[in-house]
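J.: Turn this into a structure:
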Amino acid sequence: WSSDVCSSDLALAALITVQDLELRAGARLLMDQVSFRIDKGDKIGLVGRNGAGKTTLTRVLAGEGLPAAGKVTRSGEIGYLPQDPRTPDMEQLARDRILSARGLDIAVGKLRVAHEEMASEDATVQRKAMNRYDRLESEFLAAGGYAAEAEAAAICSNLALPDRLLNQPLKTLSGGQRRRVELARILYSDAETMLLDEPTNHLDADSIAWLREFLKNHQGGLIVISHDTELLEATVNKVFLLDANRAQIDFYNMDWKRYLTQRETDERARKRERANAEKKAQVLMDQANKMRAKATKAVAAQNMAKRAERLLGGLEAVRENDRVA
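T.: Okay, the predicted model is just below:
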């Protein structure tokens with residue numbers, strides 16, 4: 001009984017739990033019966049060659065896509081940055097989009113209207129606006145207020161989002177600028193788990209350096225897909241390698257540098273295994289071919305050939321040297 005309670009508590013503690021996940025891209029199988037969990041403090045580099053299923057996996061983990069089979073359980077808030085973010089209201093100001101991560105956009109909007117009405121020439125409108133402003137400001141302060149707004153401003157500054165841009169509707173921004181706004185929103189949200197697909201795209205060198213430090217200090221869970229090996233080296237403590245040939249994930253419970261070394265070792269071992277198996281299979285096939293000439297040994301030859309085929313078929317194919325992303 002006690003062990004059941006412990007396992008239940010562990011499941012509850014996980015930020016994301018994945019059980020027997022199957023992912024497909026059309027008819028193509030990307031992952032088959034994959035299980036893992038993401039806990040607080042796990043910072044995972046998600047790697048694999050193009051088309052292996054990294055983006056599909058993050059979409060499913062974020063709840064924006066459905067698996068072909070299996071179950072994903074989430075706990076706490078998730079901040080998801082896809083490669084092509086979609087915002088629901090393109091008329092919204094960029095600043096309000098970021099503040100909406102903590103629900104402050106509505107309060108700021110009301111304060112803005114009240115402030116404008118306080119300058120009205122109509123004394124009645126002015127008086128009502130002043131009374132309303134005091135009440136709204138009290139609510140704003142109770143929600144974190146100016147300190148929270150300053151925190152958002154600092155994040156925006158470090159991501160090269162100036163005030164003139166933040167005061168514009170999202171529809172007037174370029175795709176790269178909107179992506180930076182979405183990144184700022186996620187970093188500001190205090191999400192327990194962040195799923196970031198190429199977060200350094202459209203960032204300058206200073207912003208990338210700042211982002212590395214921010215993610216390094218993040219206390220929750222993190223999955224990041226990135227071409228930026230310096231970012232992976234600085235932030236991740238685990239690596240998930242998506243193997244497109246086997247439709248599986250290889251889990252490395254180690255940092256980026258140790259992963260690169262271990263992966264080379266694993267690749268060499270698999271190649272040796274394949275070479276040895278091919279030699280054994282060839283010996284069996286040669287023997288089978290010799291025995292086929294004798295009618296009395298035809299059945300034995302056929303069995304030997306089948307053993308050779310099973311030996312090769314049961315092996316993992318030698319994987320290509322997958323690119324990082």
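J.: Show me what counts as buried in stretch 160-167.
T.: 161, 165-166 (16 or more other Cβ atoms under 10 Å). Yep, even glycine has a C-beta here, placed from its N, CA and C like the rest.
J.: Now render those residues as CSV, adding distance to Glu182.
T.: Shown next, in CSV, are the buried residues of stretch 160-167 (distance: Cβ to Cβ, whole Å):
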residue, distance to Glu182
Leu161, 11
Leu165, 14
Leu166, 13
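J.: Relative to His115, which of those residues is nearest.
T.: Leu166 (17.1 Å; Cβ to Cβ).
J.: what sits against that closest one?
T.: The neighbours of Leu166, taking Cβ atoms under 8 Å, 6 or more residues apart in numbering as the test, are 93-95, 98, 156.
J.: Which one of these is nearest to Leu30?
T.: Ile98 (33.3 Å).
J.: export the buried residues of stretch 160-167 to CSV and tack on secondary structure and pLDDT?
T.: As requested, the buried residues of stretch 160-167 are exported to CSV (DSSP: H, G, I helix; E, B strand; the rest coil; pLDDT from 0 to 100):
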residue, secondary structure, pLDDT
Leu161, coil, 96
Leu165, helix, 94
Leu166, helix, 94
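J.: which residues in the stretch 201-325 of the chain form helices?
T.: With DSSP state H, counting those that start in this stretch applied, the stretch 201-325 of the chain shows helices at 205-216, 229-235, 256-292, 298-313, listed in chain order.
J.: Most neighbours out of the contacts of Leu166, which is it?
T.: Ile98 (28 neighbours; other Cβ atoms under 10 Å).
J.: thought that one was touching Ser157?
T.: No - the pair Ile98 / Ser157 is not scored as a contact, 11.9 Å apart, by Cβ atoms under 8 Å.
J.: just for this protein, where's the confidence low?
T.: 1-13, 143, 293, 295-297, 311-325 (pLDDT under 70).
J.: before we move on, back to that, I'd like the contacts of Leu166 as TSV, with distance to Arg86 appended.
T.: Shown next, in TSV, are those (distance: Cβ to Cβ, whole Å):
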residue	distance to Arg86
Leu93	17
Ala94	15
Arg95	19
Ile98	16
Cys156	21
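J.: For these, give me a markdown table that also has secondary structure and distance to Asp228.
T.: What follows is the contacts of Leu166, written out as a markdown table (DSSP: H, G, I helix; E, B strand; the rest coil; distance: Cβ to Cβ, whole Å):
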| residue | secondary structure | distance to Asp228 |
| --- | --- | --- |
| Leu93 | strand | 30 |
| Ala94 | helix | 24 |
| Arg95 | helix | 27 |
| Ile98 | helix | 23 |
| Cys156 | helix | 21 |
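J.: Closest one of the residues you listed to Ser174?
T.: Nearest to Ser174 among the contacts of Leu166: Ala94, at 11.5 Å, using Cβ to Cβ.
J.: separation between that closest one and Arg292?
T.: Going from Ala94 to Arg292 by Cβ to Cβ, to the nearest Å gives 75 Å.
J.: quick revisit: nearest to Glu278, of the buried residues of stretch 160-167?
T.: For the buried residues of stretch 160-167, the nearest to Glu278 is Leu161 (56.5 Å; Cβ to Cβ).
J.: Compute the distance between the closest residue in space to the closest one that isn't next to it in sequence and Ala27, please.
T.: In this structure, Leu161 finds its nearest non-sequential neighbour in Arg180, 5.7 Å apart by Cβ to Cβ, 6 or more residues apart in numbering. Here the criterion is Cβ to Cβ. By it, Arg180 lies 37 Å from Ala27.
J.: Compare the two (neighbour count), which wins?
T.: Arg180 (24 against 5).
J.: was I right about the more buried one contacting Leu159?
T.: Yes - Arg180 lies in contact with Leu159 (Cβ under 8 Å); the separation is 5.1 Å.
J.: Mutual contacts of these two, please.
T.: Between them, Arg180 and Leu159 share the contacting residues Leu203, judged by Cβ under 8 Å, 6+ apart.
J.: what pairs with Leu195 across the strands?
T.: Tyr80, Ile223 (DSSP bridges).
J.: Wait, it touches Leu61, no?
T.: Yes - Leu195 is in contact with Leu61 according to Cβ under 8 Å; the separation is 5.8 Å.
J.: neighbour-wise, which of these two wins?
T.: A direct count of neighbours by other Cβ under 10 Å for Leu195 and Leu61 places Leu195 higher, at 27 against 22.
J.: which residues sit in contact with the more buried one?
T.: Leu195 neighbours (Cβ under 8 Å, 6+ apart): 58, 61-62, 78-81, 223.
J.: now the residues you listed: which count as buried?
T.: 58, 61-62, 78-81, 223.
J.: give the contact list for the closest residue to Val125 other than its chain neighbours.
T.: Closest residue to Val125 in three dimensions, ignoring its sequence neighbours and counting by Cβ to Cβ, 6+ apart: Glu117, at 5.5 Å. If you count contacts by Cβ under 8 Å, 6+ apart, Glu117 has them with 125-126, 128-129.
J.: and the spatially most central residue of the chain, how far is that from Val299?
T.: Of all residues in the chain, the one closest to the mean position by Cα atoms, centre = their mean is Leu195, 3.3 Å from it. Distance, Leu195 to Val299, by Cβ to Cβ: 57 Å.
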